[in-house]
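S.K.: Here is my input, please return the structure:
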Amino acid sequence: MQFDRAKLKAVILYACGSCQPSELGAVKLHKVLYYTDMIHYAHVGAPVTGATYRKRPFGPTCDQLLPTLAELVRERGIEVREVDYFGYFKKEYLARREPEPNRLNSDELRLLDEVLDFVCRQNTAKTISDFSHNRAWELAEFGDILTYTTAFHLFPNQVSPEALEWGVTQATEIEAERSQGDSLDYESYSAFRARVLQTGHVDCYVLDDEQKTAVISQRGMGEALGFKSAGGDALPRFLRGERIAPYLGGELSDKLENPIVFQGLSMGPNSPPPRPVYGYDAAILIDVCKSIIKAESDGKLLKRQEHIAKQAHIIVGASAKAGIKQLVYALAGYNPSTEEVIAAFKLRYYGPNATYEI
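M.R.: Down below sits the predicted model:
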């Protein structure tokens with residue numbers, strides 16, 4: 001990311017001018033910059049300042065903040081003073097001038113106002129520090145850079161119970177309407193599930209075994225990570241490459257070389273027999289994602305591979321609360337608490353030995 005020092009100065013001046021001195025100390029100023037840049041990146045694909053953030057004990061910190069503050073003090077743009085705060089020294093910042101006109105656009109100012117209200121007025125330095133110990137912070141080692149792709153861990157991306165409930169209702173209605181008709185068109189069902197879960201086509205399955213094993217096909221794993229190869233071989237080539245292979249380890253590499261083979265879904269009574277599907281236990285996807293994230297943190301990925309790391313962060317975040325097995329259950333349309341409805345759906349359209357797939 002390109003760092004814009006002038007914009008960082010503008011954000012600092014605006015923040016210091018918008019808050020009472022008692023509301024904004026050093027800890028909170030770091031967090032204002034972090035959340036402003038990360039949230040803006042998540043929404044529009046670019047940060048406001050492009051500053052660098054690292055994992056520290058009290059949450060993310062901005063590498064460029066201290067030298068930029070020193071520069072503003074020399075320019076008489078701000079005044080920094082230390083005050084007593086329950087027996088400790090606390091820094092306070094007073095703006096002595098306005099930011100440069102038009103340096104920040106209206107959307108950036110609107111976001112900054114929201115971040116300032118949350119960080120400075122709704123939290124203490126302690127609570128905002130604790131709050132910033134998020135999934136992105138937990139995945140990094142102390143001193144590591146928190147890349148902008150980790151911004152997606154700031155947002156809840158677990159499938160909501162409301163979405164699943166809506167899906168079950170729709171499945172029941174469709175089953176009732178089509179009970180006398182032909183088998184449900186495959187593409188229509190994929191589109192239906194995509195609408196429920198607000199996701200694209202991901203080749204996920206729940207095997208009809210005792211454990212209800214959650215499986216992602218080799219092609220689906222590649223699609224989930226942003227690979228476009230129609231043949232499904234782009235992911236294996238990437239994982240065998242010198243930039244990522246050292247991060248996988250022997251055990252994970254062995255699992256990737258020995259996929260689960262199972263029968264795919266029938267497309268209907270007049271369609272060719274289903275082909276074998278090569279897939280992996282869903283937990284392997286998380287191990288692969290963590291390996292990619294570590295390689296990214298070490299600077300091993302090429303620029304054209306950044307979208308892969310971005311997807312890896314999204315997947316890890318999506319599975320953080322419920323676990324990858326439950327995530328795949330949701331993606332595949334399998335909900336144990338509504339198994340009767342889903343089973344009726346499966347029996348009606350796919351036969352007694354079907355898997356669930358989106």
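S.K.: Any stretches of this structure with poor pLDDT?
M.R.: Scanning the chain for pLDDT under 70 picks out the ranges 1, 155-168, 170-203, 208-209, 211, 228-232, 263-274, 318-358.
S.K.: In contact with residue 85, which residues?
M.R.: residue 25 (CB atoms under 8 Å, 6 or more residues apart in numbering). C-beta here means a position set from N, CA and C on the backbone, and glycine is covered the same way.
S.K.: Tell me how this protein divides into domains.
M.R.: 5-154, 161-357 (automatic domain parsing).
S.K.: Residue 61 - that's part of a helix, no?
M.R.: No - under DSSP: H, G, I helix; E, B strand; the rest coil, residue 61 sits outside any helix and is assigned strand.
S.K.: Name all residues that make contact with the nearest residue to it once chain neighbours are set aside.
M.R.: In this structure, residue 61 finds its nearest non-sequential neighbour in residue 30, 4.7 Å apart by CB to CB, 6 or more residues apart in numbering. By CB under 8 Å, 6+ apart, residue 30 lies in contact with 59, 60, 61, 62, 65.
S.K.: so the second one makes contact with residue 133?
M.R.: No - under the criterion of CB atoms under 8 Å, residue 60 is not in contact with residue 133, lying 9.3 Å apart.
S.K.: higher neighbour count, those two?
M.R.: residue 60 (25 against 14; other CB atoms under 10 Å).
S.K.: thinking again about what came up before, and after the helix or strand harbouring the residue nearest to residue 61, which helix or strand comes next?
M.R.: Element membership of residue 30 [criterion: DSSP states H and E] is helix 26-44. Scanning forward in sequence from helix 26-44 by DSSP H and E, the next helix or strand is strand 53-56.
S.K.: Now do the buried residues in that next one.
M.R.: 53, 55 (16 or more other CB atoms under 10 Å).
S.K.: Show me what that strand is packed against.
M.R.: Under the contact criterion of 3 or more CB pairs under 8 Å, 6 or more residues apart in numbering; DSSP states H and E, strand 53-56 touches helix 26-44, strand 59-62.
S.K.: Let's see that with 7 Å instead.
M.R.: Under the contact criterion of 3 or more CB pairs under 7 Å, 6 or more residues apart in numbering; DSSP states H and E, strand 53-56 touches strand 59-62.
S.K.: Could you pull out the strands in the stretch 201-350 of the chain for me?
M.R.: Using DSSP state E, counting those that start in this stretch, the strands of the stretch 201-350 of the chain run over 204-206, 214-217, 260-263, 276-281.
S.K.: Out of the ones you listed, which gets nearest to residue 80?
M.R.: Ranking these by their distance to residue 80 (criterion: CB to CB) puts strand 214-217 first, at 52.1 Å.
S.K.: Please identify the pairing partners of that closest one and their relative orientation?
M.R.: Sheet pairing of strand 214-217 (DSSP bridges) gives strand 204-206 (antiparallel), strand 276-281 (antiparallel).
S.K.: List the buried residues for stretch 97-108?
M.R.: 99, 103, 104, 108.
S.K.: Now render those residues as JSON lines, adding distance to residue 25.
M.R.: Output for these, formatted as JSON lines (distance: CB to CB, whole Å):
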{"residue": "99", "distance to residue 25": "20"}
{"residue": "103", "distance to residue 25": "24"}
{"residue": "104", "distance to residue 25": "22"}
{"residue": "108", "distance to residue 25": "23"}
